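**Q** Quick check, what structure comes out for this input:
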Amino acid sequence: MESLKPAPDDSSRPPGSDMEVDVLVIGAGITGIYQLYRAREAGFSARLLEAGGGVGGTWYWNRYPEARFDSESYTYAYLFSKDLFEEWEWQEHFSAQPEIERYLNYVVDRFDLRDLIRFDAKVTSAMYDESSGTWTVRANDGTEARARFVVAATGILSVPYFPTVPGRETFGGESHHTGLWPATPVDFAGKRVAVIGTGSSGVQLIPVIAREAASLTVYQRTANWCTPLNNSPITPDEQAQLKAGFEAMREILNSSQSGFLHVPHDRTTFDDNKEERWAFFEKMWNSLGFSKLTSNYTDMMANKAANAEWCEFISEKVRSIVKDPRTAERLIPDDHGYAGKRPPFITGYYETYNNPNVSLIDLKETPIVRVTETGIETAEGVQEFDVIVWATGFDFGTGALARMGIRGRNAVALEEYWADGPRTFLGLMCHGFPNFFFPGGPHGATGNNPRYSGDQSDFVHDALVFMRDHGYRTIEVPASAEEEWTSMVDTTAANSPFAFSQSSYFYGSNIPGKPIRYLLNPMGRPKLLKVMAQVVESGYKGFLA
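**A** Numbering: from 1, shown residues only. Model (predicted):
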């Protein structure tokens, strides 16, 4: 494979200049940084375009108070360098956004990647030219790049969603989306605040606001099954254990189904009597983060009766914590089982509703009519606010990819190709879009995101090296392979652990007009790794030209 003309010093050129590279990465989040590192280390000329003013992706834009990991910090972090792992000591089991952003900046500088990144360069189009086998990518700062390969590491949660509420833009106070939080702190002290949404970001932020605001009104569309994060500082002894056990930990994380260190349970729900179940559920309630899924009873995510037992335990907890019975009942979901939607993890969330300055409005009972210049109007009247926070989520999975102006063979638009839902192979490639990859996109896997998106990035790296070593110019997934993978996703979705409800961003149903299609890979990481291995072992048969 011939190399395009490299531009080793183009990072110092002014915006609007051109660059020619082998590999162009889009997005400086966890996945994009890793893909850039691997491309550079393999000897490819590589650059990265980033829409934001710094690295971090999700962890650059989502900087609201108490934004933090709900995967353990050391399992979410990079594993490609033992030296890096030993140099950086995470301060908490679940680190907050400021530390995460510092870490990613440390990684970029530690491995001399910053000069390969162009910031404030939001990609507006990516066009494939069949005659040259290259992509032309343009950004809003005037940058035009030509690349043999494009890797769109744009993430599954990178396009914030604002509901179409009449008058939203007329509000005269402060208005912020959790996914577009300002770099300067927002002052809630003594103010009347509304938070719309009680998903993962809302439940993290609400307790913080309640401590500062004169009043906080929470507008809830759908209750979620929230359980404690149970965060704590990492002690010196734990730091020593993590460093000593790095190799074993890396082996587990690189091969486990979920990408976590959690030890699976050895029993099904009804192997135990109710007293034993409730004792075990108490242990789960006090466990760390996602272990409530991965270390719970083995049938909890597949058996609705088993799932209902865990939900009843959580319901009892909510009723015991929230003093007002009516509020407690509103906080208990009635439309899905545990993890039918993305389960949030909380610190002091339920307790917040015992504060006299906090109230909860159920939008199913009292829908918003419109936003006014001074507040929010419902059927019960207008309530005035100084600040409105939109914790209303994201266009999950396909949002960013469908907005970048991606055009494949014959100028086919990716958003049109996906008009009825994504069609992918490995959640990574599309037929008709040669030399184009999107690790971390729809249909990848489930579990700890950086672990499976890292698998995808490694697959991209290995494919590009193979092509270079064997003289190939183009890689494209056969239509039959794409159809087989997409069909697997669609047909097995009904038995997915997260299939108890289609009213979820896992299906895209939070976005009006978006096709209701499953956006995860129900077979998870084992299927992803198995099929990847088959492709590699075949010598990429049918993929290369």
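
**Q** what sits against A51?
**A** By CB atoms under 8 Å, 6 or more residues apart in numbering, the contact set of A51 is G27, D120, A121, K122, V123. Where you see a C-beta, it was placed from the backbone N, CA and C, and this is true even at glycine.

**Q** Against D115, how distant is it?
**A** Distance, A51 to D115, by CB to CB, to the nearest Å: 18 Å.

**Q** go on, Y297?
**A** Here Y297 is placed at a distance of 51 Å from D115 (CB to CB).

**Q** Of the two, give the one with the bigger neighbour count.
**A** Neighbour tally, Y297 and D115, criterion other CB atoms under 10 Å: the higher count belongs to Y297, 24 against 13.

**Q** The helix or strand hosting R148 pairs with which strands, and in what direction?
**A** According to DSSP states H and E, R148 maps onto strand 144-152. Its sheet considered, strand 144-152 pairs with strand 18-26 (parallel), strand 134-139 (antiparallel), strand 436-437 (parallel) by DSSP bridges.

**Q** what's that strand in contact with?
**A** So strand 144-152 is contacted by 1, 4, 18-27, 32, 35, 39, 47, 49, 126, 133-139, 400-401, 404, 406, 435-439, 441, 457, 460, 464, 473 (CB under 8 Å, 6+ apart).

**Q** same deal with stretch 404-414?
**A** Outside stretch 404-414, the residues that reach it (CB under 8 Å, 6+ apart) are 26, 123-128, 130, 152, 154, 401-402, 415, 417, 430, 432-434, 436.

**Q** quick one: Y103 is in a helix?
**A** Yes. Using DSSP: H, G, I helix; E, B strand; the rest coil, the assignment for Y103 is a helix.

**Q** how about it, what does it touch?
**A** Neighbours of Y103 in contact, by CB under 8 Å, 6+ apart: A77, W88, W90, S95.

**Q** Okay, angle between the longest helix seen in the chain and strand 144-152 too, please.
**A** In the chain, taking DSSP state H as the definition, the longest helix is helix 449-470. Put simply, helix 449-470 runs at 120 degrees to strand 144-152, going by axes from the mean of the first three to the mean of the last three CA atoms, to 10 degrees.

**Q** Count the neighbours of A419 for me.
**A** Residue crowding around A419 was assessed by other CB under 10 Å; the count is 10.

**Q** Skipping its backbone neighbours, what lies nearest it in space?
**A** In space, and not counting its chain neighbours, A419 is closest to P515: 7.4 Å by CB to CB, 6 or more residues apart in numbering.

**Q** who are the neighbours in contact with that neighbour?
**A** Shown in contact with P515 (CB under 8 Å, 6+ apart): A419, D420, G421, G508.

**Q** please redo it, this time with the cut-off set to 10 Å
**A** Shown in contact with P515 (CB atoms under 10 Å, 6 or more residues apart in numbering): T398, W418, A419, D420, G421, P422, Y507, G508, S509.

**Q** need these in JSON lines with secondary structure, distance to W181 and pLDDT, can you?
**A** Conversion of those to JSON lines gives the following (DSSP: H, G, I helix; E, B strand; the rest coil; distance: CB to CB, whole Å; pLDDT from 0 to 100):
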{"residue": "T398", "secondary structure": "coil", "distance to W181": "23", "pLDDT": "91"}
{"residue": "W418", "secondary structure": "coil", "distance to W181": "29", "pLDDT": "97"}
{"residue": "A419", "secondary structure": "coil", "distance to W181": "32", "pLDDT": "95"}
{"residue": "D420", "secondary structure": "coil", "distance to W181": "34", "pLDDT": "95"}
{"residue": "G421", "secondary structure": "coil", "distance to W181": "30", "pLDDT": "94"}
{"residue": "P422", "secondary structure": "coil", "distance to W181": "28", "pLDDT": "96"}
{"residue": "Y507", "secondary structure": "coil", "distance to W181": "26", "pLDDT": "83"}
{"residue": "G508", "secondary structure": "coil", "distance to W181": "24", "pLDDT": "82"}
{"residue": "S509", "secondary structure": "coil", "distance to W181": "25", "pLDDT": "81"}
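
**Q** can you pick the most crowded of these?
**A** Counting neighbours by other CB under 10 Å, T398 leads the contacts of P515 with 27 neighbours.

**Q** Any figure for the gap between that one and L519?
**A** T398 is 7 Å from L519, where distance means CB to CB.

**Q** How about I388?
**A** According to CB to CB, I388 stands 28 Å off from L519.

**Q** again with D462
**A** Using CB to CB, D462 is found at 26 Å from L519.

**Q** With neighbour numbers in mind, choose between the two.
**A** Shown here are D462 and L519; by other CB under 10 Å, L519 has more neighbours (25 against 16).

**Q** Grab the nearest non-local neighbour of D70.
**A** Among residues not flanking D70 along the chain, F345 sits closest, at 4.5 Å (CB to CB, 6+ apart).

**Q** so what's that neighbour up against?
**A** Going by CB under 10 Å, 6+ apart, F345 touches 68-71, 94, 200, 203-204, 226-231, 288-290, 292.

**Q** Can you tell me who it pairs with across the strands?
**A** Bridge pairing for F345 (DSSP bridges) gives the partners T227.

**Q** Per-residue pLDDT of it, please?
**A** pLDDT, F345: 98.

**Q** next one: the one 5 residues further on
**A** Y350 carries a pLDDT score of 98 in this model.

**Q** if we can go back for a sec, pretty sure the residue nearest to A419 is in a helix, no?
**A** No. Going by three-state DSSP, the assignment for P515 is coil, not a helix.

**Q** And it, how far from G408?
**A** In this view, P515 and G408 are 19 Å apart by CB to CB.

**Q** can you check A223 too?
**A** Between A223 and G408 the computed distance is 42 Å (CB to CB).

**Q** for F543, same thing?
**A** Distance of F543 to G408, given as CB to CB: 15 Å.

**Q** Equivalent analysis for S287, please.
**A** Plainly put, S287 is 45 Å away from G408 if you go by CB to CB.

**Q** more crowded one of those two?
**A** Taking neighbours as other CB under 10 Å, S287 and G408 compare with G408 leading, 22 against 17.

**Q** nearest residue to the more buried one other than its sequence neighbours?
**A** F433 (3.7 Å).

**Q** same question, R221
**A** Nearest residue to R221 in three dimensions, chain neighbours excluded: L363, at 4.7 Å (CB to CB, 6+ apart).

**Q** tell me the contacts of that neighbour?
**A** Contacts for L363 (CB under 10 Å, 6+ apart) come out as I196, G197, Y219, Q220, R221, T222, T378.

**Q** swap the cut-off to 7 Å and go again
**A** Counting by CB atoms under 7 Å, 6 or more residues apart in numbering, L363 makes contact with Y219, Q220, R221.

**Q** quick revisit: emit the PyMOL select command for whichever of the contacts of strand 144-152 are buried.
**A** Per 16 or more other CB atoms under 10 Å, the buried members of these correspond to this PyMOL selection:
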select buried, resi 1+4+19+20+21+22+23+24+25+26+27+32+35+39+47+49+126+133+134+135+136+137+138+139+400+401+404+406+435+436+437+438+439+441+457+460+464+473
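
**Q** Please export the alpha-carbon coordinates of stretch 182-198; CSV is fine.
**A** In CSV, the C-alpha atoms belonging to stretch 182-198 read as follows (Å, rounded to 0.1, in the frame of the first residue of the first chain):
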residue,chain,number,x,y,z
PRO,A,182,-19.8,25.7,30.0
ALA,A,183,-16.2,25.6,31.1
THR,A,184,-16.9,28.3,33.7
PRO,A,185,-18.8,27.1,36.7
VAL,A,186,-22.6,27.8,36.8
ASP,A,187,-23.7,29.5,39.9
PHE,A,188,-26.8,28.0,41.4
ALA,A,189,-26.6,29.7,44.8
GLY,A,190,-29.9,31.3,45.9
LYS,A,191,-31.5,30.7,42.5
ARG,A,192,-34.7,29.1,41.3
VAL,A,193,-33.6,26.1,39.2
ALA,A,194,-35.4,23.6,37.0
VAL,A,195,-33.9,20.3,35.9
ILE,A,196,-35.6,18.5,33.0
GLY,A,197,-34.7,14.9,32.9
THR,A,198,-33.7,12.2,35.4
